[in-house]
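> next one to model:
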Amino acid sequence: MKTLIFCAGAPNPDLSILQHINPDLLIGVDGGAARLVQHGYTPDWAIGDFDSAPPPPQAKNTLKLQPEKDDTDLEYALLHILQNHQPEKIKQIIILGAIGGGRLDHLLCNIWLAHQPRFAPWLDKIHLIEQGNSVKFYRAGTHLLQPENSKKYLSFIGLTPIKQLTLQGVKYPLTNQDYAYPMALISNEFSDSQAQFSFESGTICVLQTHD
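Got it, this is the predicted structure:
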């Protein structure tokens with residue numbers, strides 16, 4: 001099972017996870033490639049138009065993109081790498097520096113990856129991580145959640161209308177609730193060692209956060 005880590009071009013991506021995970025592929029996206037090298041890591045790939053920093057010569061492979069393109073550097077990097085890996089052979093896709101870079105348009109674009117059919121086969125593998133914030137995407141079904149270290153709050157953000165949402169093992173439980181619009185149920189908390197949630201249709205973004 002493969003672990004892929006993409007480090008996007010945010011100013012200060014949280015690289016602490018690299019101390020605990022040895023990925024099968026480490027990809028630096030635009031300025032993220034240089035930041036990996038600055039912290040002593042060698043990217044297997046450096047991909048981007050490199051408008052914020054030149055591609056580091058230490059990268060094993062480099063793909064330089066044109067600045068004028070339809071996809072963001074991260075979207076292009078995901079497409080370039082994932083087309084060579086079957087979803088069932090990938091354990092997780094960790095993306096660093098994609099939700100804390102300061103630009104709201106980039107943040108929304110990265111959350112909206114969940115709506116793109118071309119990424120749908122890998123959606124449940126994607127984990128966006130930044131200092132104090134963790135984001136995963138879920139489709140209809142029953143799911144278990146484990147609390148992440150130091151993250152107090154648990155939020156459920158509907159990216160679509162949601163049917164029959166049930167939350168258990170949390171401070172504010174819910175039973176078979178329908179939402180005809182994308183909703184934001186924020187600042188819940190774990191009340192047990194794990195939480196369970198289920199829903200019949202839609203897509204939900206689950207965040208674990210701390211102040």
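> please count neighbours and contacts with C-alpha atoms only from this point.
Noted.
> quick one, what contacts the closest residue to Asp73 other than its chain neighbours?
Distances taken as CA to CA, 6 or more residues apart in numbering put Gly48 closest to Asp73, at 5.0 Å, once the chain neighbours are dropped. Listed by CA atoms under 8 Å, 6 or more residues apart in numbering, the contact partners of Gly48 are Val29, Asp30, Leu63, Lys64, Leu65, Asp73, Leu74, Tyr76, Ala77.
> so Leu123: helix, strand or coil?
The assignment at Leu123 comes out as helix when based on DSSP: H, G, I helix; E, B strand; the rest coil.
> so it makes contact with Gln116?
No - the criterion here is CA atoms under 8 Å, and Leu123 misses it with Gln116 at 9.4 Å.
> between the two, point out the one with more neighbours.
Legend: neighbour count by other CA atoms under 10 Å for Leu123 and Gln116, higher for Leu123 (21 against 9).
> state the pLDDT value of the more buried one.
With respect to pLDDT, Leu123 scores 97.
> try Gln196
Value for Gln196, per-residue pLDDT: 98.
> doesn't it fall inside a helix?
No - assessed with three-state DSSP, Gln196 is strand; it does not lie in a helix.
> separation between it and Val206?
12 Å (CA to CA, to the nearest Å).
> check Leu165 too.
Using CA to CA, Leu165 is found at 13 Å from Val206.
> for stretch 90-97, buried residues please.
Neighbour-count burial for stretch 90-97 flags Ile90, Gln92, Ile93, Ile94, Ile95, Leu96, Gly97 (criterion: 16 or more other CA atoms under 10 Å).
> where along the chain do the helices fall?
Along the chain, the segments classed as helices by DSSP state H run 31-38, 73-82, 104-111.
> can you tell me the centre-most residue of this protein?
Nearest to the geometric centre of the chain sits Leu128, at 2.3 Å (CA atoms, centre = their mean).
> for that residue, list the residues it contacts.
Ile94, Ile95, Leu96, Ala98, Ile99, Ser134, Val135, Lys136.
> mind listing the residues bridging to it?
Beta-bridge partners of Leu128, counted by DSSP bridges, are Ile95, Val135.
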